[in-house]
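K.L.:
Just a sequence and a predicted model for now, questions to come.
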Amino acid sequence: MREYRIAAIPGDGIGQEVVPAGLEVLRALEAREAGFRLHVETLPWGSDYYRRHGRFMPADGLELLRRFDAIYFGAVGDSEIPDHVTLWGLRLPICQGLDQYANVRPARLLPGIKSPLAGRGPEEIDWVIVRENSEGEYAGTGGRVHRGLPLEVATEVAVFTRAGVERILRFAFGLARGRSRRKLTVVTKSNAQRHGMVLWDEVAAEVARDFPDVSWDKELVDAMTTRMVLKPQTIDVVVATNLHADILSDLAAALAGSLGIAPTANLDPARRSPSMFEPIHGSAFDIAGKGIANPIASFWTAAMMLEHLGEKDAAARLMAAIERVTADPANHTPDLGGSATTRRVTEAVCDALRGANL
Ligand code: ATP
């Protein structure tokens, strides 16, 4: 029996709804597969923990996490605590502290789900966006001088290291090589940002020599937004900086139907530390506690986690169950124009997993 230790961190807002739903689905899958066991420990970290302890996770939180095989994360964000405090309190310290440098965000039109792009079908929106997740614009470098005075200055310095740029480009080329279209688009803004972004262009050309079987092109980030809308079929794998890919992947999620569907893996490809799997959406206070959050993103995220753990058959079965469920509009939550609840969608996926014909 293969055994895995999973740290579940539901966190804030709808994370408290979609992570338990995901764990329920994983239990149904585990009962069906029989080849593996998941030992799940739920950690109560997040904004309520901060209110009680003055921090979002314990001081030795990273060391605690290192004992697990994977982290299943919900969201962090609170209506009373500024976003930069919550983000830098929990999610970014985990991603950066565990060197989960590759943020992988698939965007695909699932069966039954319509893109807001008129007339576009599943064969035209099937992308993977790879986001550099350890440095760049979110390196945290900078500061404020003359705080509160009229001459106040703030700097926010993007940091690009050759090693950091090279490792994410190698990862993205490798990922593109494993897909049928073997195509990579390297997104930068190297016309206007002539240091870090030109380094990206140079390193991309160097790394490309080791991947002659991958066809690649370059796109400026502004042009990329129009290409995603007007020529989605020309895109396969995309790699970009922390900020650029953050923005592009929200657009990708919307074009693939809803933020409530889109999953993310924060990977340490070297596997020195556990990787973290989460929906790309945040805490979504407007719908928290109403039981209507779309749990599909957290289910797809769970499938990515199983795939990373080496449970490829189980991951494929879970994706098949998800696709069977999305194909029926009666299972669409309000973000997809339906009236289904989180509970209904969760039960539908569990039922599909228990069914004999999957
Ligand atoms: P945060 O500040 O934590 O990033 P947010 O509320 O600003 O959270 P998101 O949670 O990313 O932003 O989502 C923006 C909006 O998209 C939400 O307010 C909600 O209306 C919708 N949304 C996001 N995720 C879901 C979901 N799983 N199901 C349904 N609607 C969702």
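P.N.:
Alright, I've got the coordinates. Numbers count the residues shown, from 1 in each chain.

K.L.:
tell me which element the spatially most central residue of the chain is part of?
P.N.:
Nearest residue to the geometric centre of the chain (CA atoms, centre = their mean): Thr264, 1.7 Å. Per DSSP states H and E, Thr264 falls inside strand 263-267.

K.L.:
And Pro106, by the same measure?
P.N.:
strand 102-108.

K.L.:
cool, Ala154 as well?
P.N.:
Using DSSP H and E, the element containing Ala154 is strand 153-159.

K.L.:
Pull up the pairing partners for that strand, direction included.
P.N.:
strand 136-145 (antiparallel) (DSSP bridges).

K.L.:
Report the angle between the helix or strand following the strand holding Pro106 and strand 102-108.
P.N.:
Using DSSP H and E, the helix or strand that directly follows strand 102-108 along the chain is strand 126-132. Computed with axes from the mean of the first three to the mean of the last three CA atoms, to 10 degrees, the direction of strand 126-132 lies at 160 degrees from that of strand 102-108.

K.L.:
could I get strand 126-132 in CSV with only the CA atoms?
P.N.:
C-alpha atoms of strand 126-132 as CSV (Å, rounded to 0.1, in the frame of the first residue of the first chain):
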residue,chain,number,x,y,z
ASP,A,126,-6.2,24.0,-23.8
TRP,A,127,-3.3,25.9,-22.2
VAL,A,128,-0.9,25.5,-19.4
ILE,A,129,0.5,28.7,-17.9
VAL,A,130,3.8,28.4,-16.1
ARG,A,131,4.4,31.2,-13.6
GLU,A,132,7.8,31.9,-12.1
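
K.L.:
by how many degrees do it and strand 263-267 diverge?
P.N.:
Per the same axes, to 10 degrees, the angle that strand 126-132 makes with strand 263-267 is 40 degrees.

K.L.:
mean confidence for stretch 125-134?
P.N.:
For stretch 125-134, mean pLDDT is 96.

K.L.:
What of stretch 199-212?
P.N.:
Averaged across stretch 199-212, the pLDDT comes to 98.

K.L.:
quick one: buried residues of that stretch?
P.N.:
Residues Leu199, Trp200, Val203, Ala204, Val207, Ala208, Phe211 are the ones in stretch 199-212 that count as buried (16 or more other CB atoms under 10 Å). Backbone N, C-alpha and C define where each C-beta goes, glycine included.

K.L.:
Repeat that for stretch 152-163.
P.N.:
Buried-residue list, stretch 152-163, by 16+ other CB under 10 Å: Ala158, Val159, Phe160.
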